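Enquirer: Model the following, please.
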Amino acid sequence: MNPSSRRTFLQQAAMGLGMLSMTSAPLGAEAAVGLRKLKVVCVGAHPDDPESGPGGTLAKFALAGHSVTIIYLTRGEAGIPGSSHDHSAAIRTDEAIAACRILGAKPVFAGQVDGASVITNEWVAKMERLIADEKPDLVFTHWPIDSHKDHQCASQLTIQAWVRAQAKFELYFFEVCTGSQTMVFHPTDYVDITDVQDLKHRALYCHVSQDPAKIYTPGLPGNHAIMEEYRGMQMGVKAAEAFVRMVGSKQGNTIVGL
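Expert: You can find the predicted model right below:
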């Protein structure tokens with residue numbers, strides 16, 4: 001890394017997530033300084049994706065008094081080997097609802113099928129409506145360059161909703177299993193999740209059917225414990241989550257207090 005690139009990188013790491021600038025105020029203190037309540041949406045392909053990706057950031061928003069909604073594109077129908085789609089969907093839906101309780105989020109299930117997700121004009125319109133109904137200030141979704149087709153579909157549908165949105169929202173992409181799923185991911189922004197790391201882990205561990213311990217086992221490809229530590233090192237904190245801001249999102253300082 002040349003000196004100029006390193007300076008730019010360090011400046012980005014110090015800033016935190018563009019609109020999600022870190023402050024010294026404790027979580028929940030926005031009421032004392034008159035900050036408005038924000039609406040945050042996360043679009044994930046399967047139950048456990050929002051939890052393992054931006055789960056810490058979502059928890060920080062909820063703890064700070066903001067409204068958080070998680071839209072699951074599918075119910076994880078193909079995610080339990082040897083189990084029928086209906087049985088798997090029932091189990092994984094319950095796990096997602098339990099995880100959302102811990103994160104302080106509202107779950108919404110879009111209705112596509114795990115492993116068979118599609119991008120059609122009808123689904124673009126449906127995702128546009130689902131997101132618009134939440135009137136979000138900020139939306140998170142998968143990085144579009146991902147090895148999992150469902151992740152790609154969730155991302156592309158969200159991008160199309162952003163393009164068509166009458167009321168523009170900030171759009172950020174998150175990573176999951178970097179190296180084995182998320183690829184060519186170069187963060188523009190970071191969020192310190194040190195104080196909510198345990199909360200994020202508790203939410204993910206609701207997804208018992210997905211062997212959550214494996215996601216945090218050192219040495220495995222895309223290991224999230226290492227990802228959180230590495231992104232934390234980049235930001236200069238114990239643990240962090242990294243994001244890429246959608247080029248063309250409005251710039252501003254409307255989201256503070258995390």
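Enquirer: and residue 185, what does it touch?
Expert: By C-beta atoms under 8 Å, 6 or more residues apart in numbering, residue 185 lies in contact with 143, 145, 173, 175, 178, 242, 244. The C-beta positions use only the backbone N, C-alpha and C, and glycine is treated the same way.
Enquirer: Which strands or helices does the helix or strand encompassing residue 140 pack on?
Expert: Element membership of residue 140, judged by DSSP states H and E, is strand 138-142. Applying 3 or more C-beta pairs under 8 Å, 6 or more residues apart in numbering; DSSP states H and E, one finds that strand 138-142 contacts strand 39-44, helix 149-164, strand 170-174.
Enquirer: Parallel or antiparallel, list what pairs with the shortest one.
Expert: Think strand 170-174. According to DSSP bridges, strand 170-174 forms sheet pairs with strand 138-142 (parallel), strand 240-245 (antiparallel).
Enquirer: got the angle between the shortest one and strand 39-44?
Expert: Taking axes from the mean of the first three to the mean of the last three C-alpha atoms, to 10 degrees, one finds strand 138-142 and strand 39-44 inclined to each other by 10 degrees.
Enquirer: now strand 138-142 against helix 149-164, angle please.
Expert: Going by the same axes, to 10 degrees, strand 138-142 makes 150 degrees with helix 149-164.
Enquirer: next one: the longest one
Expert: Strand 240-245 and helix 149-164 meet at an angle of 50 degrees, taking the same axes, to 10 degrees as the criterion.
Enquirer: For the most centrally placed residue in the chain, which residues are in contact?
Expert: Nearest to the geometric centre of the chain sits residue 54, at 3.4 Å (C-alpha atoms, centre = their mean). Counting by C-beta under 8 Å, 6+ apart, residue 54 touches 42, 140, 174, 191, 241, 243.
Enquirer: Over to residue 183?
Expert: Neighbour list for residue 183: 143, 145-147 [criterion: C-beta under 8 Å, 6+ apart].
Enquirer: So which of the residues you listed wins on neighbours?
Expert: Tallying neighbours with other C-beta atoms under 10 Å puts residue 146 at the head of the contacts of residue 183, with 25 neighbours.
Enquirer: tell me the phi and psi of that residue?
Expert: The phi and psi torsions at residue 146 (degrees, to the nearest 10) take the values phi -140, psi 150.
Enquirer: which residues of this structure score low on pLDDT?
Expert: With pLDDT under 70 as the threshold, the chain has low-confidence stretches at 1-35, 218-222, 248-258.
Enquirer: What ranges does it have for its strands?
Expert: Here the chain has its strands, by DSSP state E, at 16-17, 20-21, 39-44, 67-74, 106-112, 138-142, 170-174, 189-192, 240-245.
Enquirer: before we move on, the earlier item: from the contacts of residue 185, which two are the most distant?
Expert: Using C-beta to C-beta, the pair of the contacts of residue 185 lying farthest apart is 145 and 242, separated by 14.5 Å.
Enquirer: would you list every one of the helices in this protein?
Expert: Ranges of helices in the chain, per DSSP state H, are 3-15, 49-52, 55-63, 85-103, 121-134, 149-164, 197-204, 212-215, 224-235.
Enquirer: Could you pull up the residues touching residue 131?
Expert: By C-beta under 8 Å, 6+ apart, the contact list for residue 131 reads 41, 43, 71, 139, 158, 161, 165, 169.
Enquirer: What remains of those residues if I keep only buried residues?
Expert: 41, 43, 71, 139, 158, 161, 169 (16 or more other C-beta atoms under 10 Å).
Enquirer: Count the neighbours of residue 166 for me.
Expert: Neighbours of residue 166 using other C-beta under 10 Å come to 6.
Enquirer: And it, how close does it get to residue 245?
Expert: To residue 245, residue 166 is 21 Å away according to C-beta to C-beta, to the nearest Å.
Enquirer: Tell me the bridge partners for the residue lying closest to residue 235 once chain neighbours are set aside.
Expert: The shortest distance from residue 235 to any residue other than its chain neighbours is 4.3 Å, reached at residue 190 (C-beta to C-beta, 6 or more residues apart in numbering). Counting by DSSP bridges, residue 190 is bridged to residue 242.
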